[in-house]
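[1] generate a structure from the sequence data that follows.
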Amino acid sequence: MRSPNAQLAVEEFDKLLKQSNWTAQDAWKGIAVLLLTCEIWRNSAWQPFHGTVVYREANDFPDVGSGRSNEVLTRSQRLTNYLASRLGGSPAELCSLVGAYWRQPQIRDLQPHNLVGHAFRSLTVHILQRFGDPGIGYEEEVDAGALFPGAQLHTRSKRPKIDIVAKRGGLLVALLSVRWRFRHDRVDVVDEAQSYVPAAIRQNRNCKFYAVLGECSPSRLEKVLFNTYSQQFPNAAIWGTVHFHPEMITDSESLAENGRLKGLQSLAWLIGETSNWR
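    All right, here's what the predicted structure looks like:
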């Protein structure tokens, strides 16, 4: 069952979609407008920061008012310019455009860490439903023990849940682990893939596992890519690692991490994958 706060994110996406008439290629823009922000949550309230998109932990940025800069802030400024060029408007206007979800009256005073994960998951499902293969059905936060009865699931949680389960005609065809950001350098989607995939392919040998991320840290993304299928890693448990808009990481005008993260796939790619799920 989707929470009311996550459903609100979906409803706000639909309003933006109606205004902008986005295609599958543009659906990422709704996630960017709703969930990215130039503010930080501190002392139980949203506070202005550097006037740029906060793409990683606030502690990585210099102190506000210090007059100092660092590589993280410089890249944040480049990312802000890049997003402004893609979303419309000037860099100075971007901070008033993004963060739309966090300005909702029902949301504004709530601690965001869990909210953003639930909103990102539900937006991912909604976008796949809207633009993907209509023959696929989705469930959110599925009890892994109930889905794989009798299987030994080696995860950190005693009652693990799978973010998104996709089925075609009742047959399990895909599992999606969705993370907006990782709170530390342990990227638990890898543990999930290694635990769930053996159980999933016993139900359907064609079942695929995907990581769907909003993370911007190259080192963390690289850890997931090292466990993603490719010619270099043909036995990897993860079939595809998806960023909601990988160009914000890889484009030379933005964070410029193309060399080490060229294996990242887009949300539009994932939408296309739904037609192959059997």
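[2] what comes up buried for the biggest helix by length in the chain?
    Criterion DSSP state H: the longest helix present in the chain is helix 112-131. For helix 112-131, a neighbour-count test (16 or more other C-beta atoms under 10 Å) marks 112, 115-128, 130-131 as buried. Yep, even glycine has a C-beta here, placed from its N, CA and C like the rest.
[3] check stretch 130-149 too.
    Applying a neighbour-count criterion of 16+ other C-beta under 10 Å, one finds 130-133, 136, 138, 140-142, 144, 147-148 buried in stretch 130-149.
[4] that stretch: how far from the chain's middle?
    Relative to the centre of its chain, stretch 130-149 is centred 17 Å away, using C-alpha atoms, centre = their mean, to the nearest Å.
[5] now swap in stretch 62-81 and tell me
    Centroid separation between stretch 62-81 and its chain, computed with C-alpha atoms, centre = their mean, is 23 Å.
[6] need the CA coordinates for that stretch. CSV is fine.
    Taking only C-alpha atoms (Å, rounded to 0.1, in the frame of the first residue of the first chain), the coordinates of stretch 62-81 have been written out as CSV:
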residue,chain,number,x,y,z
PRO,A,62,32.2,24.4,2.7
ASP,A,63,30.5,26.2,5.6
VAL,A,64,28.0,28.8,4.4
GLY,A,65,29.4,32.4,4.9
SER,A,66,33.0,31.1,5.1
GLY,A,67,33.8,32.6,1.7
ARG,A,68,35.5,29.4,0.8
SER,A,69,34.9,27.1,-2.1
ASN,A,70,35.9,23.5,-2.8
GLU,A,71,35.5,21.0,-5.6
VAL,A,72,32.1,19.8,-4.4
LEU,A,73,30.7,23.3,-4.4
THR,A,74,32.2,24.0,-7.9
ARG,A,75,30.6,20.9,-9.2
SER,A,76,27.3,21.8,-7.6
GLN,A,77,27.4,25.1,-9.4
ARG,A,78,28.1,23.3,-12.7
LEU,A,79,25.2,20.9,-12.0
THR,A,80,22.9,23.8,-11.3
ASN,A,81,23.8,25.4,-14.6
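[7] so for it, what gets flagged as buried?
    Going through stretch 62-81 with 16+ other C-beta under 10 Å, the ones that come out buried are 72-73, 75-81.
[8] quick check: closest non-adjacent residue to R78.
    Ranked by C-beta to C-beta, 6 or more residues apart in numbering and with sequence neighbours excluded, the top spatial neighbour of R78 is S254, at 5.7 Å.
[9] shouldn't that neighbour be in contact with E247?
    Yes. Under the criterion of C-beta atoms under 8 Å, S254 lies in contact with E247, with a separation of 6.9 Å.
[10] these two: which has the busier surroundings?
    Neighbour comparison, S254 and E247: the larger count goes to S254, with 23 against 17 (by other C-beta atoms under 10 Å).
[11] could you pull out the strands for the stretch 1-150 of the chain?
    Listed in chain order, the strands of the stretch 1-150 of the chain (DSSP state E, counting those that start in this stretch) span 39-42, 45-48, 136-143.
[12] picking that back up, quick check on the residue nearest to R78: phi, psi?
    Here is the backbone geometry of S254 (degrees, to the nearest 10): phi -120, psi -120.
[13] quick check: it vs A84, distance?
    11 Å (C-beta to C-beta, to the nearest Å).
[14] equivalent analysis for H50, please.
    Taking C-beta to C-beta as the measure, H50 falls 15 Å from A84.
[15] in contact with L94, which residues?
    The contact partners of L94, by C-beta atoms under 8 Å, 6 or more residues apart in numbering, come to 38, 53, 80, 83-84, 87.
[16] from R86, how far out is it?
    When distance is defined by C-beta to C-beta, L94 is 10 Å away from R86.
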